[in-house]
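Participant: Sharing a model prediction with you, sequence too.
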Amino acid sequence: MHELVGTETMTNLWEGLASAATTVMLARQLAEHADVEGQPEAAVALRALADRETGLATGLVDFLVEDADGLSDAAVALAHIHEGRGPAAAKFRSMAATARDEELDEVGAWLDKLADAQHDHQQRLTVAINGLR
């Protein structure tokens, strides 16, 4: 197989993975709401969609792990995820500020919690990476 690193195809694989992951999370959450609302058929359909999208995402990850600059190595994979998550906390802080500017304080507070969680995730990844060295 040709090298993926630096190609538009690699970018497309990452974008496809992000799209599939978003669909999985949304479908699972909506399935929970459907259950609460007494709509079990809708919940079953949404969970089935989430499962199919998970399969698609797994296939995309397989390509990325197989060819993408050694992601099959645990240390490299952790470093890659760590690098990609770096701006997440700042992004959520900015989103929180926007929400508060628009007088959506509850949303802003939630986004601040997400920023805190992202910061915590970064710290945990750093510890894991250092443990592999």
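Facilitator: In hand now; what should we look at?
Participant: Quick one: list the elements packing against the lowest-mean-pLDDT helix or strand in the chain.
Facilitator: Least confident helix or strand of the chain, by mean pLDDT, DSSP states H and E, is helix 74-85 with a mean of 75. Helix 74-85 sits against helix 105-132, with contacts defined as 3 or more CB pairs under 8 Å, 6 or more residues apart in numbering; DSSP states H and E. C-beta here means a position set from N, CA and C on the backbone, and glycine is covered the same way.
Participant: what comes up buried for the helix it packs on?
Facilitator: When burial is assessed from 16 or more other CB atoms under 10 Å, helix 105-132 yields the following buried residues: 108, 111-112, 114-115, 118-119, 122, 125, 129.
Participant: any idea how far Arg85 is from the closest residue to Ala88 other than its chain neighbours?
Facilitator: Leaving aside its sequence neighbours, Ala88 sits nearest to Gln118 (CB to CB, 6 or more residues apart in numbering; 4.2 Å). Gln118 is 7 Å from Arg85, where distance means CB to CB, to the nearest Å.
Participant: hmm, back to that, identify each buried residue in the least confident helix or strand of the chain, please.
Facilitator: Across helix 74-85, burial judged by 16+ other CB under 10 Å covers 76-80, 82.
Participant: tell me which of these is nearest to Ala45?
Facilitator: Using CB to CB, Ala77 is the member of these that sits closest to Ala45, with 33.4 Å.
Participant: Phi first, then psi, for Glu103.
Facilitator: The phi/psi pair for Glu103 (degrees, to the nearest 10) reads phi 60, psi 30.
Participant: quick one: it from Leu78, how far?
Facilitator: With CB to CB as the criterion, Glu103 and Leu78 are 40 Å apart.
Participant: can you give me the offset of the host helix or strand of Lys91 from its chain's centre?
Facilitator: In the assignment (DSSP states H and E), Lys91 maps to helix 88-101. Computed by CA atoms, centre = their mean, to the nearest Å, the chain-centroid distance of helix 88-101 equals 18 Å.
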